[in-house]
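K.L.:
missing the sequence, but the structure's below:
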C-alpha cells in the first residue's frame, strides 16, 4: 500500500491509539500514549494487512520540556514503514519494554535506560552497557547534563 | 562428553577486548564446558565515543565528518545517510551528476568492505593467505578514492546537497579497469576456497539462523538475505537513483556461515554491475546543490535508512529550525547482529564461535558509537 | 646380554679420522670414542641451528611470495640475516615471568621441547656415511624422541597458569597422540620392506635407480607416503593442524606466557621438528641420499627441502581444521587406511610380489 493508503488504514483501524503528527518529513509519524504501548505494538505486528515484524530503531529524545521515545518499525512482507512516538514528562520517566513483541528491542532499551535514565519495566537484563562499570556521573544524553570536563564547542560565525 | 563419576565444572574464559578475532574491541565472556561454549555474553562500550552527543553540539555540516568514524569501514555510507536525512528534512534537490557519483562511490565502498570481510573471515578460519589477496584488491579501490577526495578511509566526501569534489577525467577508465580486475579476482577467490573440503567442513552447517529469528532480532543486510528473506533496501525502500539500475538481489536458504560468505562474494558481483552501468551514464552538470553554510532545515523529523554492506544503517534526525540538530540517533546493523550472537552460538566449539563471529561481519564502532 | 647391550655403536667410517686424531693426541680407549661422539653432536647441533635459521627465513619469503608480497627485504640481500636479527632481539628481551606459574614445569618445558627436537638428528643420515650414530633401532629411536614434544607442550600449558595455555596444551597433546598411530603405521610399512629399523639399511634398500624409492613401490608406497605426510604435518603442529597455536582462537595457545629466549626455543624447536619429519620422509620414501652426479648430502638436502616446501605450501593455502574434525579424521579415516596398507604390504612381501 502507498503512504496515503497506510495512513487511511491506520486512521480507520487504530484511531483510538494512534494520532497523526505533521512533523514527519518523509515517513508517517504518529503519537500514542505510554499506557497503550505494548498492546499497540503487538497489534501492529500481528495485523494481517500491516505485519510490522521488523523493528528498525528505538530512539529517545530529550526535548527540553519532556522525554520522547520514537519507535521506527517496518514490514518486510508488505514493504511499509512508519514511526510512532510516546511522550512523557521528566518525573514520569518509565516505560514498558516491547521486548516481548520485537526481541530486537533488548539492547536499544538498555541503552535508553543507561544514557537517559528512563526506567524500562519488564526488561530482563538491565545492566551497564556502553558506559564504564563504575560510572556515577548521571545520564549523559540528557540536555541538562554537565560534567567537570565536558566542554561545549564554542559558537562561531560562518 | 562427561564420564559418570567424574566431576566436571564449567569455567569462564574471557575472549577479551584485545583479541585477534573479535573485530574491533569486544569482550565476550564465554562459559565453557571443556571445549564447548555453553553461554556467550558480550560486553561492549570499549569504543564508545558519544558521537550522538557530540553531534547535538555541531552544525549540520560539521556533523558529517563526526559521523565518518561511526562505521569507518564504510565511511561513505555514514556520510550519505546523514546527508540524505538532511536533504529530506529540507527538501533539497540533488543534481543528477551528484547522484551518479554518490552511487558509484557507495558501491565501491561496499566492494571494499566485502573484500575486508573475505580476508578477515578466511584468516579467522585459518586460511592465512586470502587476507592479503582481499586487501590487495582493496588497495586499488582506495587509490580511486584517494584520487577523488584525498582520503583512504574516512572520506568526508558526500555532503548535504551532493559531493564535495568532482571526479577527475582519469577516474572513469581507471574505475572500469579496477572493477574488471576485481570481477576476475572474485572468481579466483571462490575457486580457492569454495570447493576446499576443510573450508566446507568448517563453514557448512555452522551457526544456522532462521529467517523468522533474523527478522525478529532486526538483523539486516547479508545476514537476513542468507537466511532466505529477500529484503534489500535498495529495492524495497528505494533511495537515490537505484531504481534506474539493473541488479539482482542474491539470497540463500540455510543461513549458515558458508551461505553468508558466498552471498557477500555474490554481492560484490552485483555491485560491479551497478558501477558499470553508472559509469556508462554519468551526466554533465553540478556535483553539488547550493546549500548555504548556515544550513537551517525547517523543523521536523525523519528516519532515513540505507542499505549498508553490514545491513541497515539509519539516522533519526530531528531539527527545530536552528542550525544544530536536536537529536541524531544513529543505528547500525552490527548492533542488532551482536545481539544475535548469544542466541546462535550456544553449544558450539570455540572454533565455531570464531567462525560465526567472523561471518556476521560485526564492526564494533557501529555497536558502540 | 647386558654386556652386549653396552657395546658402543660402530662409528661411521667417514668420521673415524676424528677418533684417530684424538688417539694421536694421547687420549685413548673409551674416552676417544666419547669425545668423538661429543664433537659430532656439537657439529650436528651447529649445522641444525644454521638450518633452523635458514628455514625461518625461507618460510617468511615463501609465505610472502605466496601472498603476493616480498617478505623480509631490508636486512641484507632479500633479508637473509633477518632471522639472526630476530634471534638477537629475542635474546635481549626481558623474560616476563608470571608470578603464579608453576616454576619447575614452566622452566623445563621449552628446554625439553628443544632437546627433543635436536636429539632426533643423531640417527638421520645426511649423506653417504654422514651419520652420527647408526643405531640398529634407528627409526624407533626417532619415534620415541619425537614423542617427547607432547610432554613439553603439556608442561607449557600447565605451567603457565593460564586457561588459554591449558586449552592449547590439552588440544595439542590429544592431536599429537592421535596422529602418532597413523604415522607409526606408515613408517612400519617401509620398515617391513627394508627388513630393518636402521636408517642406513632403509636407505640401502632403496639404492639403485630412482624407481627403487619406496614412494614408487606401488600400490602401498604412495599411500604410505601420503598418510605419512598428513600425519607428519599434524605432528609438527602445522596448519591445517595448528590448533595448539591457532592465533585467531586462542592467541598463540600454549606459548602465550613465554617471551624472550624461551619463546625462541619453542619457535626454533617447531622448525627443527618440521625439518625432522621432512628428513624422515626423505629417508624412508624418497631414497635418502641416493642420487647421481651430485654429492650425497646435496641430494639429501634437496629432497628434504622439497618436502619442507610442501609443508609450507599446506600452511599458507589451507584453512584450519576444528579439533573434533581433526580427531575424527585421524581415527576414522587415517588409522583404518594405514592399517589396511600395512596388512597389504606385509602380504605382498610374504607373497614376493614386489620389486
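P.N.:
Right, received. Where do you want to start? These numbers come from a predicted model, not from an experiment.

K.L.:
mind checking how far residue C:226 is from residue C:344?
P.N.:
In this view, residue C:226 and residue C:344 are 14 Å apart by Cβ to Cβ, to the nearest Å. Bear in mind the C-beta positions are built from the backbone N, C-alpha and C, glycine included.

K.L.:
Hmm, I typed the wrong one, I wanted residue A:153.
P.N.:
Going from residue A:153 to residue C:344 by Cβ to Cβ gives 81 Å.

K.L.:
Compare those two and say which is more crowded by neighbours.
P.N.:
Set residue A:153 next to residue C:344 and count neighbours by other Cβ atoms under 10 Å in any protein chain shown: residue C:344 wins out with 15 against 11.

K.L.:
which element is that one on?
P.N.:
Following DSSP states H and E, one finds residue C:344 within helix C:335-351.

K.L.:
now residue C:49
P.N.:
Secondary structure from DSSP H and E places residue C:49 in helix C:30-66.

K.L.:
Distance from the chain centre to the helix or strand just after that helix, please.
P.N.:
Sequence order places helix C:82-91 as the next helix or strand after helix C:30-66, per DSSP H and E. On the basis of Cα atoms, centre = their mean, to the nearest Å, helix C:82-91 sits 23 Å off its chain's mean C-alpha point.

K.L.:
Against which helices or strands is helix C:82-91 packed?
P.N.:
helix C:30-66, helix C:261-285 (3 or more Cβ pairs under 8 Å, 6 or more residues apart in numbering or on different chains; DSSP states H and E).

K.L.:
So which of those is the most surrounded?
P.N.:
Of the helices and strands packed on helix C:82-91, the one with the most neighbours on average (mean count of other Cβ atoms under 10 Å in any protein chain shown) is helix C:261-285, at a mean of 23.

K.L.:
Might you list the low-confidence residue ranges for chain A?
P.N.:
A:156-158 (pLDDT under 70).

K.L.:
Helices of chain A, start to end?
P.N.:
A:3-13, A:37-46, A:105-116 (DSSP state H).

K.L.:
And for residue 147, the neighbour number?
P.N.:
All of this refers to chain A. Neighbour tally, residue A:147, other Cβ under 10 Å: 9.

K.L.:
let's do chain C instead
P.N.:
When counting by other Cβ under 10 Å, one arrives at 15 neighbours for residue C:147.

K.L.:
Is it correct that it is in contact with residue C:180?
P.N.:
Yes: Residue C:147 is within contact range of residue C:180, at 6.7 Å (criterion: Cβ atoms under 8 Å).

K.L.:
now the strands for the stretch 201-350 of chain B?
P.N.:
B:300-308, B:311-319, B:327-331, B:348-349 (DSSP state E, counting those that start in this stretch).

K.L.:
closest to residue B:137 out of those strands?
P.N.:
Nearest to residue B:137 among the strands of the stretch 201-350 of chain B is strand B:300-308 (19.7 Å), distances taken as Cβ to Cβ.

K.L.:
how about that closest one, does it get close to chain A?
P.N.:
Yes: Strand B:300-308 lies within reach of chain A by Cβ under 8 Å from any Cβ of the partner chain, at B:300-305.

K.L.:
ditto for stretch B:155-170
P.N.:
No: judged by Cβ under 8 Å from any Cβ, stretch B:155-170 stays clear of chain A, getting no closer than 14.2 Å.
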